[in-house]
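Q: sequence first, then the predicted structure:
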Amino acid sequence: MKNIKDYDLEELKKELSSIGEKPFRAEQIFKWLYEAKVKEFDEMTNLSVELRNKLKENYTMCNFNILKKQESSDGTKKYLFDVLDGNAIETVLMQYHHGKTICVSSQIGCKMGCKFCASTGIKFIRNLTSGEIVEQVLAVEQDIGDRISNIVFMGIGEPLDNYNNVINAIRIINNPKGLNIGARHISVSTSGIVPKIYDLANENIQCTLSISLHATNNEKRSSMMPVNDAYPIEELLQACKDYIKTTNRRISFEYALAKDNNDNLDDAKQLVKLLKGMLCHVNLIPINKIENGAYTKSTNENIIKFRDYLNEHGIVATIRRELGSDIDAACGQLRRKNLKE
Ligand code: SAH
């Protein structure tokens with residue numbers, strides 16, 4: 001059966017026309033789904049019983065069940081959701097003073113094989129549908145009884161490898177008649193699938209693009225991220241420059257600092273050279289060691305030196321606060337190992 005949450009508003013209008021219903025019903029249904037956040041078609045009380053029955057016969061609502069929930073001492077929550085086909089996905093809620101951010105998964109597993117990431121070595125199962133991405137937001141909002149203010153596509157998966165579903169989910173999340181979360185409060189993070197960066201630039205969505213850079217030369221980057229063989233640094237940065245030109249949006253570069261690998265001042269110097277003059281921001285992440293992983297976290301001293309060097313040389317850089325590390329919910333720690341416990 002089709003999932004009613006897979007449709008953005010325009011598509012839902014077409015879908016309803018195809019089953020002989022008036023398109024304005026789509027707006028009513030959207031309100032019920034994303035404003036009232038109902039869980040059953042029967043709660044849509046301004047629709048006739050006939051229409052509700054027709055909807056029930058043709059569509060599911062994909063309400064996730066929480067299989068497991070863990071809470072960190074810093075308030076971060078990690079959810080394991082049952083996606084109703086025997087698989088499970090992880091979503092993380094982080095509470096900052098400026099609001100609540102959720103880190104959503106875009107795929108079940110990941111194909112990218114980044115050496116430092118906990119998703120690596122785990123079989124790729126499938127893309128999530130748009131509805132399953134949107135449902136992560138709805139299910140967390142329902143659990144906490146509050147609204148989410150920011151969404152980052154930094155959970156499991158490579159969002160640009162599931163391009164159409166991710167874009168469609170963003171449209172539903174962003175639509176004022178949908179979840180109504182501003183595009184500027186949505187970040188898409190990519191390991192660097194260059195052609196899709198060009199596509200994203202032309203979508204006319206004001207979301208933030210984050211690039212997982214992590215190294216300043218191709219040899220090192222390829223050793224950390226196999227995707228670099230297909231799309232080396234020069235091509236990636238050219239795509240970023242073109243993205244900025246087209247969208248006028250600042251890009252965020254993610255740089256996970258690993259001891260004796262990419263964290264000395266020479267790397268910082270190279271990074272300044274690469275990014276000089278670009279409308280960008282660098283997010284430094286103390287790398288999280290994964291089980292049997294080759295990389296370990298840089299010392300605090302090195303991380304601060306690295307940041308200061310960037311800032312002193314005209315590149316705005318901040319160190320990302322680590323949240324949820326005691327529940328394996330910090331950057332790159334989400335892993336399928338937990339999924340079927
Ligand atoms: N595939 C996308 C999004 C998922 S990863 C991407 O590559 O961007 C989300 C972020 O966490 C990325 O910046 C990724 O590089 C980072 N990350 C992955 N493993 C990590 C680890 N062990 N420590 C710190 N950051 C990590």
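A: Done, it's in.
Q: could you say which helix or strand holds whatever residue of the stretch 1-150 of the chain ends up closest to the ligand?
A: For the stretch 1-150 of the chain and the ligand, the shortest gap (C-beta to the nearest ligand atom) falls at Cys117, measuring 3.6 Å. To be clear about C-beta, it is placed using only N, CA and C from the backbone, and glycine gets the same treatment. Per DSSP states H and E: Cys117 is located in neither a helix nor a strand.
Q: quick one: contacts for it?
A: For Cys117, the contact set (C-beta atoms under 8 Å, 6 or more residues apart in numbering) comprises 110, 290, 332.
Q: could I get those residues as JSON lines with neighbour count and secondary structure?
A: Shown next, in JSON lines, are the contacts of Cys117 (neighbours: other C-beta atoms under 10 Å; DSSP: H, G, I helix; E, B strand; the rest coil):
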{"residue": "Cys110", "neighbour count": "26", "secondary structure": "coil"}
{"residue": "Ile290", "neighbour count": "19", "secondary structure": "coil"}
{"residue": "Gly332", "neighbour count": "23", "secondary structure": "coil"}
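Q: and the residues you listed near the ligand, which?
A: 290, 332 (C-beta under 6 Å from any ligand atom).
Q: which residues of the stretch 151-300 of the chain fall in helices?
A: Along the stretch 151-300 of the chain, the segments classed as helices by DSSP state H, counting those that start in this stretch run 163-174, 194-201, 218-224, 227-230, 233-247, 265-275, 300-312.
Q: sorry, back to before: distance check, the residue of the stretch 1-150 of the chain closest to the ligand against Leu160.
A: To Leu160, Cys117 is 15 Å away according to C-beta to C-beta, to the nearest Å.
Q: next one: Ile315
A: Separation of Ile315 from Leu160 (C-beta to C-beta) stands at 24 Å.
Q: coming back round to it: tell me the most buried of the helices of the stretch 151-300 of the chain?
A: Mean neighbour count, computed with mean count of other C-beta atoms under 10 Å, is highest for helix 163-174 among these, reaching a mean of 22.
Q: the closest residue to Tyr7 other than its chain neighbours: neighbour count?
A: Leaving aside its sequence neighbours, Tyr7 sits nearest to Glu15 (C-beta to C-beta, 6 or more residues apart in numbering; 5.7 Å). Close neighbours of Glu15, defined as other C-beta atoms under 10 Å, add up to 18.
Q: again, but for Asn248
A: When neighbours are counted by other C-beta under 10 Å, Asn248 comes out with 9.
Q: show me what contacts it?
A: Per C-beta under 8 Å, 6+ apart, neighbours of Asn248: Leu279.
Q: same question, the one 5 residues further on
A: With C-beta under 8 Å, 6+ apart as the criterion, the residues that contact Phe253 are 210-211, 213, 275, 280-283.
Q: residue ranges with poor pLDDT in the protein?
A: 335-341 (pLDDT under 70).
Q: get me the contact residues on it for the ligand.
A: Counting by C-beta under 6 Å from any ligand atom, the chain comes close to the ligand at 112, 116-117, 154, 158, 189-191, 212, 254, 256, 285, 287-288, 290, 331-332.
Q: swap the cut-off to 5 Å and go again
A: 116-117, 154, 158, 189, 191, 212, 254, 256, 285, 287-288, 331-332 (C-beta under 5 Å from any ligand atom).
Q: now those residues: which count as buried?
A: The neighbour count (16 or more other C-beta atoms under 10 Å) marks 116-117, 154, 158, 189, 191, 212, 254, 256, 285, 287-288, 331-332 as buried among those.
Q: any idea which of the residues you listed is the one closest to the ligand?
A: Nearest to the ligand among those is Gly332, at 1.9 Å by C-beta to the nearest ligand atom.
Q: verify the stated contact: the closest one with Ile290.
A: Yes. Using C-beta atoms under 8 Å, Gly332 makes contact with Ile290 at a distance of 6.7 Å.
Q: what sits in contact with each of these two?
A: 116-118.
Q: returning to that earlier point: give me the element the residue nearest to Tyr7 is part of.
A: Element membership for Glu15 (DSSP H and E) is helix 9-18.
Q: may I have the beta-bridge partners of the closest residue to His185 other than its chain neighbours?
A: Distances taken as C-beta to C-beta, 6+ apart place Asn150 nearest to His185, at 4.6 Å, with adjacent residues excluded. For Asn150, the beta-bridge partners are Thr101 (DSSP bridges).
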